[in-house]
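[1] whatever this is, show me its structure:
(chains A and B)
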Amino acid sequence: MTKVHVVGVGMTRFGKHPDSDSTDLGAAAFLEAIQDAGIDPRVIESAYVGHVFQGMVTGQRILAQVGLAGLPLANVENACSSGATAIREASLAIRAGENDVVVAIGTEHLTSKFSGALTPDPSDPEAAVGATMPGVYAMRATRYMNDFGMTREQLALIPVKNKANAARNPLAHFRKEITVEDVLQSRPIADPLRLHDCSPVTDGAAAVILMNDKAAKKYANGRGVRLAASTLRSGSVDVEPTTMTFEPLTWATAQEAYEKAGIGPDEVDFAEVHDCFSIAEVLRVEGLGLFESGSYPWAVERGEADINGRLPINPSGGLLGKGHPLGGTGVAQVVELVRQLRGEAGDRQIEGAKVGLAHCRGGKAVGIEGAACTVQILMR
Amino acid sequence: MTTTMTGVSFRPGELEVRPDGTGNLLGSRCRSCGAHFFPIREACAGCLSQDLETVKFSTEGVLYTHTIVRQSTPQFETPYALGYVDFPEGVRIMGQLSSIEFDNIEVGMPMELSLEPFGTDDEGNELTGYRFRPAEETS
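    Reported below is the predicted structural model:
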């Protein structure tokens, strides 16, 4: 079976884009990816486009914008994992031998669709009693503090780290470093979480062009990065309540990815993980097996997750710093992995990185631990 | 004790409110393996049996975790306390917390079901919903 290679990447600035929409943003990211790949756009055979709140046929609008209407295209919705799911679907089209060159795009113009706290779908029994996404993660933080003794100050070190990374990322939503004091003084959202613990409402898009071995040999010019694994799982129903301080869904999705890539978690050099909230980063990296359960806040304190640390986490700034345009997020994570692995990450470059991991988790439904979870492993 | 509260359940599939003012949260029990689920399911996630019966859950449980929600949708007036309660049947159910000062809420507290006014329907009729409140001391 052919391997899958990421050959071209593109990404808009993440932030507020009052003068454009999700079609414009998607088209801009796509055109940059085509240019980065150095290909004639006519070699692209199919497209997968991830978005959440952008309405019907957003993907077709993007293709029409860049003159490529007519390609087979599927719009993909999987909550905050929509973009990452688009990449997985694109990689499957290649692995199945159906296509040689496929584009995956993620886009969201969130500021025009939504403000305030994201909630589960209104039909959900938990939404009906007042569940909000910050509230759900706040409850996990409460329990993690109860079980492991993490302090509020330790938790604040995560947004401090990620916003420091974002300050080095010209495409990030936030470009200003913050202090622990800034986090603790920010507006309370759902105790113990405050505004700086929450990812912002962001507009943005990203695109990646995937190729099989044959196409990569022809077009990559040594700039291809191998997508060694792209796994997707849905949360299962709890037969009995389990701990909320560890993520079996993240664990299972990651274990499958490690097996497919033929590596263990100890071989991962850096990771972009779904830090929609500060506590989420803790749960992600422990669920991924990158840090022991109950240990990450102390590792962050020691600087292990910094760009120059033992295992850098969210060098792009993550969702907290770079921003979180739902559909765009998973694709932008892979763009960051590719730029890091090519040595094109500028001021936030991790020296000598060879293996990068991206993790997304999205959605909430009653009785299941999480809805959609993806893990991608990229190798130089 | 459960508060007596007559009226129409805000979500009859999940909360039964009886004419005598008592009520219970509803879910499924698998007749094959005994697992319980909230809300009602079509098949058992443990053994995939479709032989499920609807059951009323106990009205007392233990608070697993909690938060104070300070930003929400327009449907809910903030701030409000929210928590997950573990029930003896082996289900964990989310609900707002009532009859307690925010600062006094603690992981592990015994809680009980409380039927309370919970919004209105499209015609403006008051609906009965549920919250969890600290369980009354028993001997």
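[2] which regions of chain B lie under the pLDDT threshold?
    By pLDDT under 70, the low-scoring segments of chain B are B:1-6, B:137-139.
[3] for chain A, what helix or strand is lowest in average pLDDT?
    Every helix and strand of chain A was ranked by mean pLDDT, DSSP states H and E. The lowest is helix A:125-128, at a mean of 94.
[4] close to chain B, is that one?
    Yes - Helix A:125-128 lies within reach of chain B by Cβ under 8 Å from any Cβ of the partner chain, at A:125-126, A:128. C-beta: built from backbone N, CA, C; applies to glycine.
[5] the chain: strands as residue ranges?
    Assuming you mean chain A. A:5-11, A:46-50, A:73-76, A:101-109, A:188-190, A:193-194, A:203-211, A:225-234, A:270-272, A:355-362, A:372-379 (DSSP state E).
[6] I was thinking of chain B, sorry if that wasn't clear
    With strands called from DSSP E, chain B shows them at B:8-9, B:15-17, B:23-30, B:36-37, B:52-56, B:60-69, B:80-87, B:91-97, B:110-120, B:126-134.
[7] can you give me the buried ones in the fifth one?
    For strand B:52-56, the buried set under the neighbour-count rule, 16 or more other Cβ atoms under 10 Å in any protein chain shown, comprises B:52, B:55.
[8] partner strands of it and their direction?
    Strand B:52-56 has the following strand partners under DSSP bridges: strand B:23-30 (antiparallel).
[9] circling back to that earlier point, nearest to chain B, out of the strands of chain A?
    Smallest distance to chain B across those (Cβ to the nearest Cβ): 4.8 Å, for strand A:188-190.
[10] which elements pack onto that closest one?
    Under the contact definition 3 or more Cβ pairs under 8 Å, 6 or more residues apart in numbering or on different chains; DSSP states H and E, strand A:188-190 sits against helix A:133-148, strand B:60-69.
[11] who wins for proximity to A:Gly264 among the ones you listed?
    Evaluated with Cβ to Cβ, the helices and strands packed on strand A:188-190 place helix A:133-148 nearest to A:Gly264, the distance being 24.3 Å.
[12] who's in contact with that closest one?
    Helix A:133-148 is contacted by residues A:117-120, A:126, A:150-152, A:155, A:189-193, A:198, A:243-245, A:276-280, A:282-283, A:294, A:297, A:364, B:64-67, B:69, B:71-72, B:82-84, B:107 when judged by Cβ atoms under 8 Å, 6 or more residues apart in numbering or on different chains.
[13] buried subset of those residues, written for ChimeraX?
    Only the buried members of these enter the following ChimeraX selection, criterion being 16+ other Cβ under 10 Å:
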select /A:117,118,119,120,126,150,152,155,189,190,191,192,193,198,244,245,276,277,278,279,280,282,283,294,297,364 /B:64,65,66,67,69,71,72,82,83,84,107
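[14] picking that back up, switch the helices and strands packed on strand A:188-190 over to JSON lines; also include distance to A:Asp24.
    Compiled in JSON lines, the helices and strands packed on strand A:188-190 are given as follows (distance: least, Cβ to Cβ, whole Å):
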{"stretch": "helix A:133-148", "distance to A:Asp24": "27"}
{"stretch": "strand B:60-69", "distance to A:Asp24": "35"}
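[15] was I right to think A:Ala172 contacts A:His324?
    No - A:Ala172 sits out of contact with A:His324 when judged by Cβ atoms under 8 Å, with a separation of 11.3 Å.
[16] measure A:Leu118 to chain B for me?
    Remark: distance between A:Leu118 and chain B (Cβ to the nearest Cβ, to the nearest Å) = 10 Å.
[17] which residues of chain A lie near chain B?
    Near chain B, when you scan chain A using Cβ under 8 Å from any Cβ, you find A:116-117, A:119, A:125-126, A:128-132, A:134-135, A:138-143, A:146, A:187-193, A:236-241, A:244, A:366-367.
[18] can you say which of these are buried?
    With neighbours counted by 16+ other Cβ under 10 Å, the residues of chain A next to chain B contain buried members at A:117, A:119, A:125-126, A:128-132, A:134-135, A:138-143, A:146, A:188-193, A:237-239, A:244, A:366-367.
[19] check the closest residue to A:Arg95 other than its chain neighbours and give its pLDDT.
    Distances taken as Cβ to Cβ, 6 or more residues apart in numbering or on different chains put A:Met1 closest to A:Arg95, at 5.8 Å, once the chain neighbours are dropped. For A:Met1, the pLDDT comes out at 88.
[20] ok, A:Met1 - how many residues close by?
    The criterion is other Cβ atoms under 10 Å in any protein chain shown. On that basis, A:Met1 has 9 neighbouring residues.
[21] close enough to count as contact, it and A:Ile94?
    No - shown here, A:Met1 and A:Ile94 do not form a contact pair, counting by Cβ under 8 Å, at 9.5 Å.
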